[in-house]
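# how would this look folded up:
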Amino acid sequence: MNELPAGTDAVLLDFEDDRPAVRRAERALRAASTTGMLRGVTEIVPSATTVLVQFELGFGADALGIHRVLRDASGPGDTAAVPDDEITIPVHYDGADLTEVAQRLGLAADDVVVAHTDTVWRVEFMGFAPGFGYLVPADGRDNPLLRPGRRDEPRTRVPAGAVAVAAGYSAVYPAPSPGGWNLLGHTDIQLWDETSQRPSLLTPGALVRFTDVESTR
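A predicted model of the protein is given here:
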């Protein structure tokens with residue numbers, strides 16, 4: 001782990017390609033902030049390879065406290081007691097790219113749907129747009145849906161609720177926007193509501209299960 005400067009009131013922890021370490025660190029730091037073991041924290045922002053720990057303005061970056069938390073949580077299973085949220089997202093698998101994704105993977109379209117719904121996904125980090133979560137398989141195993149890359153020609157407009165895969169992730173577009181991901185379907189669930197006390201349905205670490213609306217009727 002490398003510690004990088006991020007101003008006087010923040011610390012950026014770089015774990016390079018060790019994604020499980022990112023997840024362990026994020027969970028341990030959130031737990032320590034909640035219990036008061038690590039004081040002054042206002043935000044913990046994970047990405048694919050880093051964790052930013054932001055402290056209150058003028059509080060200073062408690063690098064020693066961070067190292068203490070990570071050291072104490074280094075044992076196997078130490079962060080397992082931190083619960084994960086679980087969110088179910090019903091999907092209409094009618095996406096414009098479903099057939100093409102199936103052909104590229106050598107699967108039937110129904111098999112792609114099964115692979116997507118049989119996977120328990122985890123929000124690795126948030127980015128791109130408010131409420132947009134980058135989802136990876138929670139079990140860390142290889143998954144055929146991680147193989148398709150982004151489209152050669154991005155769309156100028158992807159509708160809100162579009163469920164997609166690309167470049168090792170799955171995601172749901174929370175609002176209309178340009179996008180280059182492969183569209184598998186859409187959901188009617190609202191992922192972002194700025195008027196809500198909790199604007200984003202998804203948060204880092206949350207578990208997500210997709211269900212096929214047609215198969216549950």
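
# Can you list phi and psi of the nearest residue to residue 202 once chain neighbours are set aside for me?
Among residues not flanking residue 202 along the chain, residue 133 sits closest, at 3.8 Å (C-beta to C-beta, 6 or more residues apart in numbering). C-beta: built from backbone N, CA, C; applies to glycine. Backbone geometry at residue 133, expressed as degrees, to the nearest 10, gives phi -110, psi 140.

# Then residue 28?
The phi/psi pair for residue 28 (degrees, to the nearest 10) is phi -70, psi -40.

# how many neighbours does it have?
Residue 28: 23 surrounding residues under other C-beta atoms under 10 Å.

# Against residue 22, how distant is it?
Residue 28 sits 11 Å away from residue 22, going by C-beta to C-beta, to the nearest Å.

# one step back: quick check: the residue nearest to residue 202 touching residue 192?
No. In this structure residue 133 lies outside contact range of residue 192 using C-beta atoms under 8 Å: 10.4 Å.

# Quick check: bridge partners of the residue nearest to residue 202?
According to DSSP bridges, the residues that bridge with residue 133 are residue 126.

# Contacts only, for it.
By C-beta atoms under 8 Å, 6 or more residues apart in numbering, the residues touching residue 133 are 123, 124, 125, 126, 171, 172, 200, 202, 203, 204, 206, 208.

# Below-threshold pLDDT in the chain: ranges please.
75-85, 216-217 (pLDDT under 70).

# what about the helices in it?
19-35, 63-72, 98-105, 109-118 (DSSP state H).

# Just give me how far the third one sits from the chain centre.
When distances are taken as C-alpha atoms, centre = their mean, to the nearest Å, helix 98-105 is centred 24 Å away from the chain's centroid.

# angle of it against helix 109-118?
Relative orientation of helix 98-105 and helix 109-118, computed by axes from the mean of the first three to the mean of the last three C-alpha atoms, to 10 degrees: 90 degrees.

# From the contact counts, what lies against helix 98-105?
helix 109-118, strand 182-186 (3 or more C-beta pairs under 8 Å, 6 or more residues apart in numbering; DSSP states H and E).

# Could you dump the ones you listed into TSV with distance to residue 92 and mean neighbour count added?
As requested, those are exported to TSV (distance: least, C-beta to C-beta, whole Å; neighbours: other C-beta atoms under 10 Å):
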stretch	distance to residue 92	mean neighbour count
helix 109-118	11	17
strand 182-186	5	24
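
# what do residue 133 and residue 192 both touch?
With C-beta under 8 Å, 6+ apart as the test, residue 133 and residue 192 both reach residue 200.
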